[in-house]
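[1] Predicted structure and sequence below. I'll ask about it afterward.
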Amino acid sequence: NAGVTQTPKFRILKIGQSMTLQCTQDMNHNYMYWYRQDPGMGLKLIYYSVGAGITDKGEVPNGYNVSRSTTEDFPLRLELAAPSQTSVYFCASSWGDTQYFGPGTRLTVL
Amino acid sequence: DAKTTQPTSMDCAEGRAANLPCNHSTISGNEYVYWYRQIHSQGPQYIIHGLKNNETNEMASLIITEDRKSSTLILPHATLRDTAVYYCIAPPPSNTGKLIFGQGTTLQVKP
């Protein structure tokens, strides 16, 4: 099993650009999550999904959108990138409360 | 989530046991205690969890006090690779699996 994979690993965006962060898991987990982590800080939950077709907001959803059309994939969309979205983004999946994390995407918005 | 309180940082000598405390005085009877760690620049990694009994796995041991108001994560023989931020989390039982990460304890293992 590859576990949770994220692409890209690194990305630099200009203000106002858009992009999609990809997340895929091969463990057949129903639950998936997106977190962001700013330098020196803990993880903040952006969005989560309890199954295909079901998504909900976390602590910091503004500026982001998600979709969950399949069990495996949970992409995170940034529509109008802002410098405040410079962060490391982690995707995770779980069957219960034990979450398995991807390696992260480091995003810089200039 | 039950509020958890951890020291900001700790040091440990390589080869010695690292004991990381966590207070969760508001924990309810059906809330588990979970421990994760995050090695620099990597995604968090699950370590162990427990409800009321002590637990042990290949990574660590978890000691929960009888009143469940605090717990201790024990790394029996810390290595330099155990240097990381350790998070103690007590999520409410739910059908979402959401976790709220605090600041955690930065453990520095020194040679």
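    In hand now; what should we look at?

[2] what's the neighbour count on A:N62?
    Neighbour count of A:N62, defined by other C-beta atoms under 10 Å in any protein chain shown: 8. Backbone N, C-alpha and C define where each C-beta goes, glycine included.

[3] Also B:T4?
    22.

[4] What distance do you get for the residue lying closest to A:K14 once chain neighbours are set aside to A:K44?
    Using C-beta to C-beta, 6 or more residues apart in numbering or on different chains and skipping the chain neighbours, the partner closest in space to A:K14 is A:L110 (6.2 Å). Separation of A:L110 from A:K44 (C-beta to C-beta, to the nearest Å): 22 Å.

[5] same question, B:T4
    The gap separating B:T4 from A:K44 is 16 Å, by C-beta to C-beta.

[6] Next, the residue nearest to the spatial centre of chain A: phi, psi?
    Nearest residue to the geometric centre of chain A (C-alpha atoms, centre = their mean): A:W34, 3.4 Å. Here is the backbone geometry of A:W34 (degrees, to the nearest 10): phi -120, psi 130.

[7] Just give me the neighbour total for the closest residue to it other than its chain neighbours.
    Spatial nearest neighbour of A:W34, excluding adjacent residues (C-beta to C-beta, 6+ apart): A:I46 at 4.4 Å. The local packing of A:I46 (other C-beta under 10 Å) involves 24 other residues.

[8] residues touching A:I46, list them.
    A:34-36, A:58-61, A:64, A:66, A:76, A:89 (C-beta atoms under 8 Å, 6 or more residues apart in numbering or on different chains).

[9] my read: the residue nearest to the centre of chain A touches A:F90, true?
    Yes: assessed by C-beta atoms under 8 Å, A:W34 is found in contact with A:F90 at 7.5 Å.

[10] Residues contacting the helix or strand hosting A:C91, please?
    Under DSSP states H and E, the secondary-structure element containing A:C91 is strand A:87-94. Defining contact as C-beta under 8 Å, 6+ apart, one finds that strand A:87-94 is touched by A:4, A:6, A:21, A:23, A:25, A:27, A:29, A:31-38, A:43, A:46, A:74, A:76, A:99-102, A:104-107, B:41, B:43-44, B:97.

[11] now the strands: where do they sit in the chain?
    Reading this off chain A. Ranges of strands within chain A are A:4-7, A:10-13, A:19-25, A:31-37, A:43-51, A:54-57, A:64-66, A:76-78, A:87-94, A:99-101, A:105-109, based on DSSP state E.

[12] ah, I was thinking of chain B
    Ranges of strands within chain B are B:9-13, B:18-23, B:33-38, B:45-50, B:55-56, B:61-64, B:70-75, B:84-89, B:105-110, based on DSSP E.

[13] Output the contacting helices and strands for the fifth one.
    Applying 3 or more C-beta pairs under 8 Å, 6 or more residues apart in numbering or on different chains; DSSP states H and E, we find strand B:55-56 packed against strand B:45-50, strand B:61-64.
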